[in-house]
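Engineer: Model the following, please.
(one chain, ligands or ions: 2)
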Amino acid sequence: MGNVLVAENLETKLATDYEAIRRREYELITNLLDVLPKVDNLSEDRVAQVRDALFHADHPYLMVFVGPFSSGKSSIINALLGKEDLLHVGVVPTTDRISILRWGEESQRLSSGGDVDAVFYPSPLLKKVSFVDTPGLESVFQKHEETTRKFLHRSDVVLLVMLATQAMTARNLEYLQTLKEYGKKVILVINQVDLLTPEEANSVREYVLDQSKAKLGFEPEIWMVSAKQGLAALEGGTLNQELWQASGLNKIEAYIDEQLGDVDRLRQKLRTPLQITQNVSQAALAAVRTNQSALDHYQNISSNVEQQLAAQKREQEKIIRDTTAEISAQFGAAAMNGSEAIRDVFRFSQGIGLFTRGVVELIGLAGLLRRSQGNVSYIHSAFDKRKAFIPVQELPVIVDKLAPRLEGKDIQDIDDLVKYAHKEVGALPPAIREKVIGNIQAPLQYDRTPLQKVRTDLEAIENEARVVEVEKLDQAVKNTMLYLAVYEILLIVFGIALLNIWGQVAQNQPQLPFILLILLIGLGLVGLVMMPVRGRIMETAYTNRMLALQARYIEALTKAADKQVVYGLQLRRDAIAPLTRLIEAQTQIQTEQMNQLQAAEQEMVGIEAALAALGKKGLLSGLRG
Ligand SMILES: Nc1nc2c(ncn2[C@@H]2O[C@H](COP(=O)(O)OP(=O)(O)OP(=O)(O)O)[C@@H](O)[C@H]2O)c(=O)[nH]1
Ligand SMILES: [Mg+2]
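Structural biologist: Residues are numbered from 1 along each chain as shown. Ligands and ions are numbered 1, 2, ... in the order given. Presented below is the predicted three-dimensional model:
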């Protein structure tokens, strides 16, 4: 009694462990089937092998029923599952689709698009085994050849069902031969023995054995059964053991249990799909690694493009720098010429002239004079003479050259990049080339607005340099002349008054008025000497203001030009985006695949270990108990 209990425990433990590993395997393979079809350069055959392995892992034990029409295949399955009308049964060819019978909580038939239906039924037997019911062999290889072959390959055992009354016809012999060629275990099931007497049944059995031995060279396992008696044993709800034994169907049940209690067989059953999966997964890893090294090449393309873009950006920036250097030179020349012009106006030798002009200005004649001379100011004519306006006038010419230079370079670079990208795409493996989305081409339009828009700002600064600055200078010169005139006149008036007073008061000192005169002349000269000093101050101020204008000018232009460059770089990127996007996407996919495959490898190692331990732990605990 105790031994029976231990044996039972062992069996349950084995079944539970087996089921746990099977689930793990199933999950592993399902996950892998997400990845494998997407791996480039992995053949479809390999993926199909894994799908097949999934089927194995999904079906603990697969028993396939084949045989001529109306031999009773469907009836036997109905009897084994204890439901008389689960599968259609009839005297004429009845089953025309392949059905796989699996455990399910509810009884239902699911028809897929293909020629296989899944029939679910809550029979405990289906937890251990899946049955495959097929149409009569007369049609099965014609109409369902491919599917039949698939199931025969996947089966753990094939039951060839034949009629007791027509056992071992030439046809049946042929079928047996064909099935043997699949290398699967084939058991002969002779049905409808209820139609024979026990003696007749025995001689049929003998006859079949002899025929096999003589014609095929081997003795198959033979089970004599009666689906009819099996179904009768089920009548009334409780199983009639005597009838069940008599039906011979108990032998099929016992066989299943025996198979499922065999640890080695179970282990092998789980190892086969695992091995298939391991092989394919390794092939997939190799493929991904190969793709990866191809990808390294694409990564090179990518960094190549980045380098090219960086170099091109530097070139564009150089063009801008050259332009701003030219602009600085112009402002420098303008400041220098302007300074010289200012110096001309305030030269010492001009002192008297300035003074007279100051006097003229003072008495208001200047307005009249200027009008008659066409309103030309002193500074203006001095600037003209020194050509101080010319450098500023040159600025637009310099600026106008910048935009076409940048654009020309943009267009040329984009052409080069597009050519390069086309060449690289052409060199890609076809499988990856197909994934390029969009066209690699130069843009159809070019936006010039950034540098166009800045023209107004620049013109305003040019105007400031040319007009506003000169007006400021003009005003300053005029003021200086006025101060000089007032100073000198005051000095003269004061001198004359002083001389008069002195003439009357200090006649005893005749040298005094003379000294006074010298003093006054000296002070007058100081006023004139101050002119160049004043000029120097104005020069410095003017130069500083021109420098400030230059800075504003260059800043405005650089900002706009930078925008143009950024735009040009974007155009380059857009033009070759299909290639760069592909490289990015491909890198990501590859990395993901690699990770998933490596995770799967690890899981396989785990399952392998669990498989090696299958049945062993149970045995130990069983012995201890
Ligand atoms: N007397 C007797 N009749 C049986 C037995 N098994 C099946 N039959 C009858 O044989 C006929 C054919 O049975 P099926 O189960 O449909 O045979 P099948 O092999 O599935 O036939 P197809 O699906 O057409 O290939 C039916 O009329 C059954 O009632 C049996 O053990 N004894
Ligand atoms: Mg049938």
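Engineer: wouldn't Leu87 be in contact with Asp133 here?
Structural biologist: Yes. Taking contacts as CB atoms under 8 Å, Leu87 lies within contact range of Asp133: 5.8 Å. Just so you know, the C-beta spots here come from the backbone N, C-alpha and C atoms, and that holds for glycine as well.
Engineer: which neighbours do those two share?
Structural biologist: Ser74, Ile77, Thr95, Ser99 (CB atoms under 8 Å, 6 or more residues apart in numbering).
Engineer: What helices and strands are in contact with the helix or strand where Asp52 lies?
Structural biologist: Here Asp52 sits within helix 44-58, counting by DSSP states H and E. Other elements packing on helix 44-58 under the criterion 3 or more CB pairs under 8 Å, 6 or more residues apart in numbering; DSSP states H and E are helix 2-35, helix 145-154, helix 263-345.
Engineer: any idea of the mean pLDDT for the second one?
Structural biologist: This points to helix 145-154. Taken as a whole, helix 145-154 has a mean pLDDT of 81.
Engineer: buried residues in it?
Structural biologist: Thr147, Thr148, Phe151, Leu152, Arg154 (16 or more other CB atoms under 10 Å).
Engineer: Packing partners of the host helix or strand of Ala600?
Structural biologist: Taking DSSP H and E as the definition, Ala600 sits inside helix 512-613. In this structure, helix 512-613 packs against helix 2-35, helix 263-345, helix 351-362, helix 390-427, helix 449-463, helix 469-505, with contacts taken as 3+ CB pairs under 8 Å, 6+ apart.
Engineer: and of these, who's closest to ligand 2?
Structural biologist: helix 263-345 (27.2 Å; CB to the ion).
Engineer: tell me the contacts of Ser71?
Structural biologist: Gly136, Val161, Met162, Leu163, Asn191, Gln192.
Engineer: Show me which residues of the stretch 1-150 of the chain are close to ligand 2?
Structural biologist: With the criterion set to CB under 5 Å from the ion, the stretch 1-150 of the chain comes near ligand 2 through Lys73, Ser74, Thr94, Thr95.
Engineer: Tell me how many other residues crowd the nearest residue to the last one once chain neighbours are set aside.
Structural biologist: Using CB to CB, 6 or more residues apart in numbering and skipping residues adjacent in sequence, the residue nearest Thr95 is Pro135, 4.7 Å away. Pro135 has 23 neighbouring residues, counting by other CB atoms under 10 Å.
Engineer: Just name whatever secondary elements the one helix or strand Val158 maps to is in contact with.
Structural biologist: For Val158, the host element (DSSP H and E) is strand 157-163. Judged by 3+ CB pairs under 8 Å, 6+ apart, the packing partners of strand 157-163 are strand 62-66, helix 73-81, helix 170-180, strand 185-191, helix 249-260.
Engineer: Also compute the angle for the fourth one relative to helix 170-180, please.
Structural biologist: Relative orientation of strand 185-191 with respect to helix 170-180: 150 degrees, computed using axes from the mean of the first three to the mean of the last three CA atoms, to 10 degrees.
Engineer: Check the last one too.
Structural biologist: Compare the direction of helix 249-260 with that of helix 170-180 by the same axes, to 10 degrees and you get 10 degrees.
Engineer: just how off-centre is helix 249-260 within its chain?
Structural biologist: Averaging C-alpha positions (CA atoms, centre = their mean, to the nearest Å) puts helix 249-260 54 Å from its chain's average.
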